[in-house]
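Asker: coords please:
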Amino acid sequence: MALVQLFFPFKSWAILASSFLGLTLFSYIWAWSLKGNISLEREMRFGWMQVGDRVQERIGVENDSKLPALWVRIIDHSYMPGYTASAIVNVRSQWYTHWHTFGICDQRGIYTLGPTSLETHDPLGIFTVRIDYSETVNMMVVPRVVPLPQIEIAPGGRTGEGKSTSTGLERTIVAGGVREYIPGDSLRWLHWPTTARLNKPYVRVFDFSPASNWWVLLDMDPAVHTGEGQNSTEEYSVILAASLVHEGLQQGKMAGLIAMGDELIWHVPDRGDAHLWRVLRSLALIRPTGPPLPEMLKHLRLTLEQRTSLVVITPNMDTEWANELGLLLRKGIVPTVLLLNPSAFGGTQDPNAIQNRLLNMNIKHYNFSDSLQDLAQFEPLGQEHQPGNQMREYVKTLPRQSSEWRAL
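Answerer: Purely as a prediction, here's the structure:
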């Protein structure tokens, strides 16, 4: 423009040049004012979710500048299937605005929310202001924990729990501890050493029928799994494993998990919420990349103790692995088998052969086929914003999370 004015002097060129410089300076001052006075805040309520839950965030943008941000673009760099916090908003001068974002947790796993970028412009779009926020938070999406149909786990033969009998002989043989005397207790059950030591009447507590720890074995052989997405034997196997461990812990059992994906998962039977979360975290990450079921059972025959309850969850309809199951039974490891019928997920394998084999071996087993639709409709347990379900009346929920908003 200056060269044109030099060689071809004309008043309009000077006016245009001055106007262009003025607009550029005006845009720069506007953008500079926004850069130092606009900020972004992301807050979330929970650190974990179950598949099917709704993730919720509160996003706020504050503009302390005396100039408005006509459009502000929020760019979310999170990796979480089915969810993004990206948006475009308008923020007036010296104003704060916030909104909520929602999404459905479609897949189990551990995901990262953040980082985030904020972009805004001057009114003419000449200058771009970009502010990057590196804050991130991990979001664990665990498999659903649902009320299960009635499943009776075969006890492993260790005296400790179970239904009592009316035979006085058994009561005189097995005692599991003491408790304070309650009016109506037989005086024959008094435990005199404890009564004398504490100067209060105590009676013996009896254990009646055998029971043992639960070992849950999850078959992650990719050759036997079928179906896609949530409607697959893989996902239903994981749901069964998570729900079974949860139910066992609620019943006072010590439950553990064995599975093999990219690496071996070996959670020794234990109690408590911390143990449950270790199991759920492993199940959130596991994928079907493990060895065949017969190989897993052979390994367990060499490692598990006698009189153990082993729950096998598998869609494998081959009868070969029943041989290894028989060897476990001979060792004193009592199995219960949960079969996922592949035909319910679009597969073609027939479960009749393996069911007949297990029946002949007198091994307790369950075929999850007709009940799969009902299982899919059960609400996950534990999220306080989830609607109620009548099936929850007899199942305790997962440990609740704090509902306070926390910044990323």
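Asker: spatially central residue for this protein, please.
Answerer: By Cα atoms, centre = their mean, the chain has its centre lying nearest to residue 142, at 0.9 Å.
Asker: so what pLDDT did that one get?
Answerer: pLDDT, residue 142: 93.
Asker: how much space separates residue 152 from residue 285?
Answerer: 30 Å (Cβ to Cβ, to the nearest Å). (Each C-beta comes from the backbone N, C-alpha and C, glycine too.)
Asker: looking at those two, which is more packed in?
Answerer: residue 285 (15 against 8; other Cβ atoms under 10 Å).
Asker: this structure - how does it break down into domains?
Answerer: Here the domain assignment for the chain is 29-142, 168-205, 214-377, based on automatic domain parsing.
Asker: closest to residue 407 out of these?
Answerer: domain 29-142 (5.3 Å; Cβ to Cβ).
Asker: how far off centre is the closest one?
Answerer: 25 Å (Cα atoms, centre = their mean, to the nearest Å).
Asker: first-to-last residue distance for stretch 306-321?
Answerer: 19 Å (Cα to Cα, to the nearest Å).
Asker: for the record, mean pLDDT for that stretch?
Answerer: Per-residue scores along stretch 306-321 average to 92.
Asker: and it, which residues are buried?
Answerer: 307-318, 321 (16 or more other Cβ atoms under 10 Å).
Asker: now for these: which two are most distant?
Answerer: 307 and 317 (28.9 Å).
Asker: among the domains of the chain, which is nearest residue 148?
Answerer: Comparing these against residue 148 with Cβ to Cβ, the closest turns out to be domain 214-377 (5.1 Å).
Asker: roughly how far does residue 20 sit from residue 185?
Answerer: From residue 20 to residue 185 the distance is 99 Å (Cβ to Cβ).
Asker: those two - which one has more neighbours?
Answerer: residue 185 (15 against 11).
Asker: count of neighbours near the closest residue in space to that one that isn't next to it in sequence?
Answerer: Leaving aside its sequence neighbours, residue 185 sits nearest to residue 203 (Cβ to Cβ, 6 or more residues apart in numbering; 4.9 Å). Using other Cβ under 10 Å, residue 203 has 20 neighbouring residues.
Asker: what kind of secondary structure is residue 203 in?
Answerer: Look at residue 203: counting by DSSP: H, G, I helix; E, B strand; the rest coil, its state is strand.
Asker: which residues touch it?
Answerer: 178, 179, 180, 181, 182, 185, 186, 189, 190, 191 (Cβ atoms under 8 Å, 6 or more residues apart in numbering).
Asker: could you give me the buried positions within stretch 74-93?
Answerer: So for stretch 74-93, counting by 16+ other Cβ under 10 Å, buried means 74, 75, 76, 77, 78, 80, 83, 85, 91.
Asker: any idea how far the second one is from residue 87?
Answerer: As judged by Cβ to Cβ, residue 75 and residue 87 stand 9 Å apart.
Asker: among the domains of the chain, show the one with the smallest mean pLDDT.
Answerer: domain 168-205 (a mean of 68).
Asker: which residues are in contact with the helix or strand hosting residue 311?
Answerer: According to DSSP states H and E, residue 311 maps onto strand 309-314. For strand 309-314, contacts defined as Cβ under 8 Å, 6+ apart pick out 153-156, 211-219, 224, 237, 240-241, 244, 293, 297, 300, 304, 321, 325, 328, 333-340.
Asker: among those residues, which are in strands?
Answerer: Judged by DSSP state E, strands contain the following of the contacts of strand 309-314: 214, 215, 216, 217, 218, 334, 335, 336, 337, 338, 339, 340.
Asker: which pair in the buried residues of stretch 74-93 spans the largest distance?
Answerer: 80 and 91, at 25.7 Å, using Cβ to Cβ across these.
Asker: tell me which stretches of the stretch 51-200 of the chain form helices.
Answerer: Under the criterion DSSP state H, counting those that start in this stretch, helices of the stretch 51-200 of the chain are mapped to 168-173, 192-198.
Asker: buried stuff in the last one?
Answerer: To tie it back to what came earlier, the one meant is helix 192-198. Quick answer for helix 192-198 (16+ other Cβ under 10 Å): 194, 195.
Asker: rewinding a little: reformat the ones in strands among the contacts of strand 309-314 as TSV; add neighbour count.
Answerer: TSV is the format used below for the ones in strands among the contacts of strand 309-314 (neighbours: other Cβ atoms under 10 Å):
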residue	neighbour count
214	25
215	25
216	26
217	24
218	28
334	21
335	26
336	23
337	24
338	26
339	20
340	29
